[in-house]
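Undergrad: Kindly generate the corresponding structure for this input.
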Amino acid sequence: MTAGTKQDPWVLTTPSLSITSGPSSHSAQQRHASARELTVTVTKVIRYQTHPESADENERLIRDVFAELAERQPTGLHYAAFRLDDGVTFIHVAVIDGATNPLSVSAAFGKFQAGIQDRCVEGPAAADAAIAGSYQFMPE
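TA: Here you go, the predicted model:
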């Protein structure tokens, strides 16, 4: 990121670590087959507040994203969006279990993102997070 630019809070990067087996008497093909990729899980919590007149449209766009996800069923994504009882505050929790973010190729998510700044009074603000505890929040 260059000075003066703001990072897009919706971009979920997933760093990955490549772990390969050490030297052994195995053939090159066996060593290649035993090499494995270990991916770090990334969790983002994004919070923002919409203009009151934009809140229902924002929720409709969110529902469109979830409808597309239900149809495509991408792996490596745990995602929930919440509308708080004030009616204008939204919180998204996304957990990516892979090297790529399935939302980055979602047409509905692209439409949702396209006008987010116009719909917002405050935010969106993103933070990395780690689960400190949960009860059936995510499948294990």
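
Undergrad: use CA for all of it now, contacts and neighbours both
TA: Noted.

Undergrad: Could you check the pLDDT of the residue sitting nearest the centre point of the chain?
TA: The chain has residue 94 as the residue nearest its centroid, 4.0 Å off, counting by C-alpha atoms, centre = their mean. Here the pLDDT value assigned to residue 94 is 93.

Undergrad: can you check residue 30 too?
TA: Note on residue 30: pLDDT of 42.

Undergrad: Kindly report the same for the one 4 residues further on.
TA: pLDDT, the model's per-residue confidence, is 38 for residue 34.

Undergrad: again, but for residue 2
TA: For residue 2, pLDDT reads 39.

Undergrad: in the protein, which spans are strands?
TA: Using DSSP state E, the strands of the chain run over 16-19, 36-39, 42-50, 77-83, 89-96, 120-128.

Undergrad: Who are the contact partners of the residue lying closest to the residue nearest to the centre of the chain once chain neighbours are set aside?
TA: The shortest distance from residue 94 to any residue other than its chain neighbours is 4.4 Å, reached at residue 79 (C-alpha to C-alpha, 6 or more residues apart in numbering). Residues in contact with residue 79 (C-alpha atoms under 8 Å, 6 or more residues apart in numbering) are 92, 93, 94, 95.

Undergrad: Need the pLDDT of residue 79.
TA: Reported pLDDT for residue 79: 95.

Undergrad: Same check on residue 67?
TA: Reported pLDDT for residue 67: 97.

Undergrad: Sounds good, over and out.
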